[in-house]
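Undergrad: can't give you the sequence, but here's the structure:
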Ligand code: FAD
């Protein structure tokens with residue numbers, strides 16, 4: 001068998017894979033991307049965050065294409081969550097009257113969004129092969145040196161590359177070749193059951209494009225407008241309901257909707273889609289985990305292959321594209337001969353874990369706010385959280401990466417309370433007053449790194465010089481494509 005050679009080979013053409021492949025190819029390197037499916041293909045994860053749209057997507061050069069795709073504009077989130085019975089809304093722009101140019105995201109049909117990113121990768125010079133399933137890695141001594149894959153006709157191939165990227169998502173087993181273990185979260189041990197409706201109601205303007213998240217006794221619902229008429233509707237419930245849900249999905253889905261008055265009302269004139277890609281009721285479980293190591297010599301995990309927290313705050317595609325950006329900077333620096341592999345990839349892993357940790361903390365705080373302790377779902381969350389098992393081990397882990405991270409541990413309880421109080425204040429103050437929530441530490445941290453990526457993408461070389469995130473760590477090059485030593 002002849003072996004082709006590339007600088008980088010990427011397994012998976014979702015947002016993580018196409019982003020890392022494009023950003024490396026844009027530096028003139030030879031990149032092969034292997035995708036199992038033929039696009040467009042279905043995927044869940046439809047609600048985006050501004051840092052993806054205005055940060056990473058701008059760097060990729062797809063801003064105009066996304067605007068032309070007419071995805072619903074998401075100005076923020078509307079929640080029936082926490083102490084207040086009425087829904088409350090937060091806006092990315094802090095106030096809906098201050099709509100800055102980057103204070104929105106999109107709600108996307110992933111088949112279309114992912115195809116835009118993959119086609120863009122082709123235009124950026126990536127060799128993309130669809131219908132090609134990666135079957136394993138090639139190793140030499142301690143290093144991963146390539147991949148094996150099957151082409152659409154079942155022919156076997158081997159590719160060698162300086163770096164192998166696993167961007168093959170949640171279902172593939174390729175990640176295990178990096179070593180370590182995949183640790184599942186006890187706190188977010190939930191199950192999602194989801195489908196699609198035509199003609200569901202919309203929130204009043206200017207919030208019609210918002211995600212609506214509604215807590216109820218058995219868990220919570222997402223309600224995401226994907227067009228003027230199409231809506232993605234998913235229930236997140238305790239994993240213990242798996243048997244019931246999988247036994248008769250239709251009956252379980254209907255019963256959950258009936259249990260949640262606000263979602264029932266929004267769907268009162270709607271009809272469930274029962275044909276095509278949106279016709280199936282799907283279940284996802286065990287989706288909250290992180291791998292104990294994100295790289296080994298020659299191999300890097302990005303996106304869901306490395307970790308995922310929980311759907312509640314639309315962090316999945318953000319973490320996928322952000323980790324792809326961090327990985328691309330590391331690879332570009334090594335291939336250019338600027339940095340050694342360990343220095344570059346330690347920076348990637350430290351920053352990625354930090355971002356995951358910030359979201360983890362934020363989402364625990366978010367779940368903490370729900371005061372309906374009598375219901376099984378929410379009570380179980382609190383009991384689990386009081387043991388702090390996952391958080392302790394997580395904080396131990398990031399504590400080892402950077403001394404700065406250890407401070408996170410003592411602040412978690414304090415931040416949860418502060419965040420809940422801030423949201424309650426905000427809700428009590430009425431619609432226009434979004435400030436308390438945005439000044440809470442938790443939200444500030446979540447917004448900080450995303451904000452930097454956005455700023456750099458918008459301002460390019462004019463962006464203010466960055467301080468290292470970790471003592472002695474690296475900073476981003478002015479064009480955002482590599483790392484460089486800090487010379488402050
Ligand atoms: P994927 O999008 O999964 O892409 C991986 C690609 O790899 C796929 O195209 C697959 O076909 C391909 N592949 C797999 N195996 C192989 C192989 N062996 N060889 C070659 N190719 C392969 N995120 C949000 O941002 N917003 C949300 O609202 C949201 N809601 C969610 C709701 C639920 C219930 C769940 C479970 C997740 C949700 N997410 C959400 C998360 C989101 O789905 C993921 O984080 C995101 O899709 C990760 O992107 P990725 O590129 O890492 O992986």
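TA: Cool, the structure landed. What you see is a predicted model; the values in this text were computed from it and never measured.
Undergrad: Just give the number of residues close to the nearest residue to residue 125 once chain neighbours are set aside.
TA: In space, and not counting its chain neighbours, residue 125 is closest to residue 25: 4.3 Å by Cβ to Cβ, 6 or more residues apart in numbering. The C-beta positions use only the backbone N, C-alpha and C, and glycine is treated the same way. The number of residues packed near residue 25 is 23, by other Cβ atoms under 10 Å.
Undergrad: list the contacts for residue 25?
TA: 31, 121, 124-126 (Cβ atoms under 8 Å, 6 or more residues apart in numbering).
Undergrad: Rebuild those as TSV, extending it with pLDDT.
TA: Below are the contacts of residue 25 laid out as TSV (pLDDT from 0 to 100):
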residue	pLDDT
31	98
121	98
124	98
125	98
126	98
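Undergrad: Tell me which of those fall in strands.
TA: residue 31 (DSSP state E).
Undergrad: Among the contacts of residue 25, which one lies nearest to the ligand?
TA: The closest of the contacts of residue 25 to the ligand turns out to be residue 121 (Cβ to the nearest ligand atom; 12.0 Å).
Undergrad: That closest one and residue 22 touch, don't they?
TA: Yes - Residue 121 lies in contact with residue 22 (Cβ atoms under 8 Å); the separation is 4.6 Å.
Undergrad: What does residue 81 show for phi and psi?
TA: phi -160, psi 140 (degrees, to the nearest 10).
Undergrad: nearest residue to it other than its sequence neighbours?
TA: Closest residue to residue 81 apart from its sequence neighbours, by Cβ to Cβ, 6+ apart: residue 215 at 4.8 Å.
Undergrad: Give me the pLDDT for the one you found.
TA: Each residue has a pLDDT score; the one for residue 215 is 90.
Undergrad: Output the contacting helices and strands for the host helix or strand of it.
TA: For residue 215, the element it lies in under DSSP states H and E is strand 211-216. Packing partners of strand 211-216 (3 or more Cβ pairs under 8 Å, 6 or more residues apart in numbering; DSSP states H and E): strand 76-80, strand 219-225, helix 261-266.
Undergrad: if you compare these, which one is most tucked away?
TA: Neighbour counts (mean count of other Cβ atoms under 10 Å) averaged over each of the helices and strands packed on strand 211-216 peak at strand 219-225, with a mean of 24.
Undergrad: Residues touching it, excluding its own?
TA: With contacts defined as Cβ under 8 Å, 6+ apart, strand 219-225 is touched by 46-47, 72, 81, 107, 190, 194, 200, 202, 208-214, 231-238, 256-257, 260, 263, 266, 311-312, 377.
Undergrad: Try it again at 7 Å.
TA: Strand 219-225 has contacts (Cβ atoms under 7 Å, 6 or more residues apart in numbering) with 46-47, 72, 107, 190, 202, 208-209, 211-214, 231-238, 260, 263, 266, 311, 377.
Undergrad: Check stretch 31-45 too.
TA: Stretch 31-45 has contacts (Cβ under 7 Å, 6+ apart) with 6-14, 17-18, 21, 24-25, 110-112, 114-115, 118, 121, 126-134, 149, 159, 194, 277, 284, 316-317.
Undergrad: Within reach of the ligand, which of those residues are there?
TA: 11-14, 17, 133-134, 284, 316-317 (Cβ under 6 Å from any ligand atom).
Undergrad: Now intersect those with the helices, please.
TA: Per DSSP state H, helices hold the following members of these: 17, 316-317.
Undergrad: residues from the stretch 1-150 of the chain in reach of the ligand?
TA: Near the ligand, when you scan the stretch 1-150 of the chain using Cβ under 6 Å from any ligand atom, you find 11-17, 34-37, 43-48, 133-134.
Undergrad: hmm, 5 Å instead?
TA: When proximity is defined as Cβ under 5 Å from any ligand atom, the stretch 1-150 of the chain approaches the ligand at 11-12, 14-16, 35-37, 43-45, 47, 133-134.
Undergrad: nearest to residue 298, of those residues?
TA: residue 11 (13.3 Å; Cβ to Cβ).
Undergrad: Report the contact partners of that closest one.
TA: With contact set as Cβ under 7 Å, 6+ apart, residue 11 has these partners: 34, 134, 147, 165-168, 174.
Undergrad: If we use 10 Å, what do you get?
TA: 17, 32-36, 132-135, 137, 147, 149, 164-169, 172, 174-175, 305 (Cβ atoms under 10 Å, 6 or more residues apart in numbering).
Undergrad: Can you give me the distance of residue 230 to residue 326?
TA: 33 Å (Cβ to Cβ, to the nearest Å).
Undergrad: more neighbours, the two?
TA: A side-by-side neighbour count of residue 230 and residue 326, using other Cβ under 10 Å, places residue 326 first with 26 against 18.
Undergrad: Assess the claim that that one and residue 483 are in contact.
TA: Yes - contact between residue 326 and residue 483 holds when scored by Cβ atoms under 10 Å: they sit 9.1 Å apart.
Undergrad: Find the residues that touch each one of these two.
TA: Shared contacts of residue 326 and residue 483, defined by Cβ under 10 Å, 6+ apart, comprise 344, 347-348, 351, 476.
Undergrad: What separation is there between the residue nearest to residue 81 and residue 300?
TA: If you go by Cβ to Cβ, the gap between residue 215 and residue 300 works out to 37 Å.
Undergrad: With neighbour numbers in mind, choose between the two.
TA: The neighbour comparison of residue 215 against residue 300 (other Cβ under 10 Å) goes to residue 300, with 31 against 24.
Undergrad: Run the contact check for whatever helix or strand that one lives in versus the ligand.
TA: Taking DSSP H and E as the criterion, residue 300 maps to strand 299-301. No - using Cβ under 5 Å from any ligand atom, strand 299-301 stays clear of the ligand, coming no nearer than 9.3 Å.
Undergrad: circling back to that earlier point, so can I have TSV of the residues of the stretch 1-150 of the chain next to the ligand showing pLDDT?
TA: Formatted as TSV, these follow (pLDDT from 0 to 100):
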residue	pLDDT
11	98
12	98
14	98
15	98
16	98
35	98
36	98
37	98
43	98
44	97
45	97
47	96
133	98
134	98
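Undergrad: Buried ones only from those, please, as a ChimeraX command.
TA: Typed into ChimeraX, the line below selects the buried ones among these, using 16 or more other Cβ atoms under 10 Å:
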select :11,12,14,15,16,35,36,37,43,45,47,133,134
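Undergrad: closest to residue 368 among the residues of the stretch 1-150 of the chain next to the ligand?
TA: Set against residue 368, the nearest of these by Cβ to Cβ is residue 47 (21.3 Å).
Undergrad: Skip the chain neighbours and tell me the closest residue to the closest one.
TA: residue 314 (4.1 Å).
Undergrad: next one: residue 269
TA: residue 199 (5.7 Å).
Undergrad: What pLDDT is listed against that neighbour?
TA: The model's pLDDT for residue 199 equals 98.
Undergrad: need the contact list for it.
TA: Counting by Cβ under 10 Å, 6+ apart, residue 199 touches 228-231, 267-271.
Undergrad: same check, this time on residue 119
TA: Contacts of residue 119 by Cβ under 10 Å, 6+ apart are 18, 39, 62, 65, 128.
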